[in-house]
Each structure stands twice: as structure tokens, then as C-alpha cells.
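Participant: task: produce atomic coordinates for the following.
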Amino acid sequence: MEPIQEVHLSEPGLLVIDVAGFDDATVLAFQAAIARTWGTAPAECTTRDAGQPGVRLRMYTDLRQVLEEASPPERVSAGS
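Facilitator: Sure, this is the predicted structure:
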């Protein structure tokens, strides 16, 4: 991943979140869960690092922008 730019952390409440997970569905579900609560610039796709397992995703979140949740989060059972 590219280095984090200072502008992305220029004020309190701004976050850069690097996510690593087993597959696209997992990390994109995490991103969707965060985006339901806070202002988030969603990533369009994941990346794979050669020689490393899983996928990665970077998202930018603003904790100052609390959103009204449109629907409750979906529960995922352990057996899915």
C-alpha cells in the first residue's frame, strides 16, 4: 500500500484504516459496516500482496461525521 499522506490525518477524528482479510467479501463487509456509522470514502477494490495471504483494503473515515444508520447491521453466523 501507498504511504499514508499527512492530509488524511490533518485533524482529530480523521482515520486511515488498513484492513487485511481472507477474501474480498470479508473486507468489503467490514468497510460497509464502518460506512453505515461514519462518513467513509469507500475503496472500490481490494489489493493482493505477492507472497502474502488474503486481500487488503484502505479506507478513509471521518469520525466527526456520524451517520444515522439506515438499517441494523446484518449478523453473520459462525457457520457461514
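Participant: residue closest to the middle of the chain?
Facilitator: For the chain, Q31 is the residue whose C-alpha lies nearest the centre (C-alpha atoms, centre = their mean; 3.5 Å).
Participant: in a strand, it, correct?
Facilitator: No - using DSSP: H, G, I helix; E, B strand; the rest coil, the secondary structure at Q31 is helix, not a strand.
Participant: pLDDT score for it?
Facilitator: Predicted confidence (pLDDT) for Q31: 92.
Participant: same question for E69.
Facilitator: We note a pLDDT of 57 for E69 in this prediction.
Participant: sorry, back to before: isn't the residue nearest to the centre of the chain right next to W38, touching?
Facilitator: No - distance between Q31 and W38: 11.2 Å, which falls outside the contact criterion (C-beta atoms under 8 Å). C-betas here are computed from N, CA, C, even on glycine.
Participant: please name the bridge partners of the closest residue to A20 other than its chain neighbours.
Facilitator: Across the structure, with C-beta to C-beta, 6 or more residues apart in numbering as the measure, the residue nearest A20 apart from its sequence neighbours is R56 (5.1 Å). R56 has the following beta-bridge partners by DSSP bridges: A20, T47.
Participant: R56 contacts T47, doesn't it?
Facilitator: Yes - with contact defined as C-beta under 8 Å, R56 reaches T47; the gap is 5.1 Å.
Participant: those two: which is more packed in?
Facilitator: When neighbours are counted by other C-beta atoms under 10 Å, R56 and T47 differ, and R56 comes out ahead with 16 against 11.
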